[in-house]
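Engineer: Sequence first, predicted coordinates after that:
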Amino acid sequence: MKRFIPFLGRPPLVPVIRLQGGIGTGRNALSDATLAPVIEKAFRMKSAAVALAINSPGGSPVQSSLIAARIRRLAAEREVKVYSFVEDVAASGGYWLACAGDEIWVDDSSLVGSIGVIFASFGFPELMARQGIERRVVTAGRSKTLADPFLPQKPEDIERLKALQGPIHEAFIAHVKARRGARLADADLFNADVWTGRAAVDLGLADGIGHLVPRMKEVFGDKVRLVPMGVKRGLLARFGLSLADDLLQSVEDRALWARYGL
């Protein structure tokens, strides 16, 4: 009955957007395309704030940038404050997402940082030689075989990859500095190191130790309504009819999480 009496008011509402897993364009990865409807809906709600529940080892820098930019654009348009809450990990692209929040809260044991860029692959030229397999490649353009796993690694390939990584790393650094500003300690924070929660707070990468529910109650009162927001799984995924895609995605995710012992 109370909700039909306008002058009594309603408890503050805070949508909680869950950002869980690797970031990329895979079917189960976090991407701007899949998250856009969720983020847009959260900011359309008449909310006191928006909370981000983050547990991500990173992934695509472009998707990280697009997702964070969408959150910041809508936060500015709606004049809504954003709180980031880190669970196990907010590293690399995961920390990029965390910086979309006006405040970042972590657990004592959270892993935070990894402000860097990585390229990883495998090489099989010796295995192919032992098996008598000949690699035949015809290209137009000398860089088309860049980082080909079936060819020996070349010094010029390494230099080219580093040249590609440099601007991406600089964009990441600029994003962190723009969002964290004077809160950052005068230390070497951009060499891809990872810190636990308390150290991250001391370095200015996070604002404090705190969990989502108690912190939101502390800010907005015990009656605050926390509304979970997430991507809906498609019909095929719900019935387990995309096993091959899921297996490939799980291998990629496993490699991301393994960097942090998880």
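Structural biologist: Happy to help now that I have it. Computed from a predicted structure; not experimentally measured.
Engineer: Just say helix, strand or coil for the residue lying closest to Gly116 once chain neighbours are set aside.
Structural biologist: Take Gly116 and drop its neighbours on the chain: the residue closest to it by C-beta to C-beta, 6 or more residues apart in numbering is Ala192, 2.8 Å away. Every residue, glycine included, has its C-beta placed from N, CA and C. Here Ala192 is recorded as coil under DSSP: H, G, I helix; E, B strand; the rest coil.
Engineer: Report how many residues lie close to Ala192.
Structural biologist: Residues near Ala192, counting by other C-beta atoms under 10 Å, number 15.
Engineer: Verify the contact between it and Gln165 for me.
Structural biologist: No - counting by C-beta atoms under 8 Å, Ala192 stays clear of Gln165, with 10.8 Å between them.
Engineer: Let me see the ranges of the strands in the stretch 101-250 of the chain.
Structural biologist: For the stretch 101-250 of the chain, strands defined by DSSP state E, counting those that start in this stretch occupy the ranges 103-106, 111-113, 194-196, 208-209, 225-229.
Engineer: what's the closest of those to Met216?
Structural biologist: Among the strands of the stretch 101-250 of the chain, the nearest to Met216 by C-beta to C-beta is strand 225-229 (6.2 Å).
Engineer: And for that closest one, what's in contact with it?
Structural biologist: Contacts with strand 225-229, where a contact means C-beta atoms under 8 Å, 6 or more residues apart in numbering, come from 10-18, 38, 41-42, 45, 51, 212-213, 216.
Engineer: Which of these fall in strands?
Structural biologist: Among the contacts of strand 225-229, the ones falling in strands (DSSP state E) are 13-18, 51.
Engineer: Among the residues you listed, which pair sits farthest apart?
Structural biologist: Maximum pairwise distance among the ones in strands among the contacts of strand 225-229 (C-beta to C-beta): 16.6 Å, between Leu13 and Arg18.
Engineer: that older thread, for Ala182, find the nearest of the strands of the stretch 101-250 of the chain.
Structural biologist: Short answer: strand 103-106, nearest of those by C-beta to C-beta, at 14.5 Å.
Engineer: Could you give me the buried positions within that closest one?
Structural biologist: 103-106 (16 or more other C-beta atoms under 10 Å).
Engineer: likewise stretch 65-85?
Structural biologist: Using 16+ other C-beta under 10 Å as the test for burial, stretch 65-85 gives 65-68, 70-72, 74-75, 80-85.
Engineer: So Ser84 versus Ala75, what's the distance?
Structural biologist: Separation of Ser84 from Ala75 (C-beta to C-beta, to the nearest Å): 12 Å.
Engineer: before we move on, what about Leu203?
Structural biologist: For Leu203, the distance to Ala75 - C-beta to C-beta - is 24 Å.
Engineer: hmm, which helix or strand of the chain has the shakiest average pLDDT?
Structural biologist: Every helix and strand of the chain was ranked by mean pLDDT, DSSP states H and E. The lowest is helix 235-238, at a mean of 47.
Engineer: what about the helices in the stretch 51-200 of the chain?
Structural biologist: Counting by DSSP state H, counting those that start in this stretch, the segments of the stretch 51-200 of the chain that form helices are 61-78, 93-98, 125-130, 155-180, 197-202.
Engineer: out of those helices, deepest packed?
Structural biologist: Stretch with highest mean neighbour count among the helices of the stretch 51-200 of the chain: helix 93-98 (a mean of 29; mean count of other C-beta atoms under 10 Å).
Engineer: Please work out the average pLDDT along it.
Structural biologist: Averaged over helix 93-98, pLDDT sits at 97.
Engineer: next one: stretch 198-210
Structural biologist: For stretch 198-210, mean pLDDT is 97.
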